[in-house]
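1. quick one, what's the 3D model for this:
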Amino acid sequence: MTLKDLYQRPGFLLRRTHQISAAVFENACASVGLTPAQYGVLTVLSSEPGLDQTRLARALAFDKVTVMRVCKGLEERGLIERRLSEHSRRQMAVVLTAAGKKLLQQARGPAEQAYQRLLSPLTLTQRHQLIEILETLTQGLADDARAPFVPLLPAPSDTQPAQPAPKARARRTNTGQGEAPRRR
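-> Next up, the predicted model:
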């Protein structure tokens, strides 16, 4: 394999793109002091107040350790509160504080600027193609992921037909619990 071959591998390009994406986001959001992971947590909690940490992790495709670490940092800043869930004493519910809601509002503009900056080298057609390709890759290889992704779907409205919730993929975990899929 040549260096040219290495530099054209999808894994190399995806990792490099992720590095650039994180840098663009962190530069745009420096004034509010949020990382992409923190912004994701605040955004999900804004839509689903009182979500337990397990569902929060799955909604962002984080492992449990990552979501706990991100939540701890946000809690130390007074942006979220963790408390025992009303539904289960074994789970922690997470909610935004007033300060968290305010910071999320302040971050929306810079986050949108980061999104636009990241996609700025692409035409509108290329932007749509990129998103479609990335969705195809992530959905097609979801069984190989280390952390499950279970998106939170909005409640059905009168104008939209109800969509079935996607199945949780809990066959693999970073803790070694669960069953790994069999390779063929």
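
2. from the contact counts, what lies against the longest helix seen in the chain?
-> Secondary structure of the chain per DSSP state H: the longest helix is helix 98-119. Secondary-structure packing of helix 98-119 (3 or more CB pairs under 8 Å, 6 or more residues apart in numbering; DSSP states H and E): helix 10-28, helix 36-47. Heads up, the C-betas are built off the backbone N, CA and C, glycines and all.

3. quick one: that helix to chain centroid distance?
-> Centroid separation between helix 98-119 and its chain, computed with CA atoms, centre = their mean, to the nearest Å, is 15 Å.

4. list the buried residues of that helix.
-> 100-101, 103-104, 107, 110-111, 114, 118-119 (16 or more other CB atoms under 10 Å).

5. any idea of the angle that helix forms with helix 10-28?
-> If you take axes from the mean of the first three to the mean of the last three CA atoms, to 10 degrees, helix 98-119 sits at 130 degrees to helix 10-28.

6. quick one: helix 98-119 to helix 36-47, angle?
-> Using the same axes, to 10 degrees: helix 98-119 against helix 36-47 is 120 degrees.

7. quick one: low-confidence residue ranges for this structure.
-> 154-184 (pLDDT under 70).

8. contacting residues for the spatially most central residue of it?
-> The centre of the chain sits closest to L60, judged by CA atoms, centre = their mean, with a distance of 3.2 Å. Applying CB atoms under 8 Å, 6 or more residues apart in numbering to L60 gives the contacts 37, 40-41, 44, 67, 149.

9. filter the residues you listed down to the buried ones, ChimeraX style.
-> Remark: buried members of these, expressed as a ChimeraX selection using 16+ other CB under 10 Å:
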select :37,40,41,44,67,149
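
10. a markdown table for the contacts of L60, including distance to V24?
-> Converted to a markdown table, the contacts of L60 look like this (distance: CB to CB, whole Å):
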| residue | distance to V24 |
| --- | --- |
| A37 | 15 |
| G40 | 15 |
| V41 | 19 |
| V44 | 21 |
| V67 | 23 |
| F149 | 22 |
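
11. which one of the contacts of L60 is nearest L124?
-> Nearest to L124 among those is G40, at 25.0 Å by CB to CB.

12. measure the closest one to A61 for me?
-> 9 Å (CB to CB, to the nearest Å).

13. and for L130?
-> 18 Å.

14. these two: which is more packed in?
-> A61 (18 against 13; other CB atoms under 10 Å).

15. distance of that one relative to L103?
-> Per CB to CB, A61 is found 23 Å from L103.
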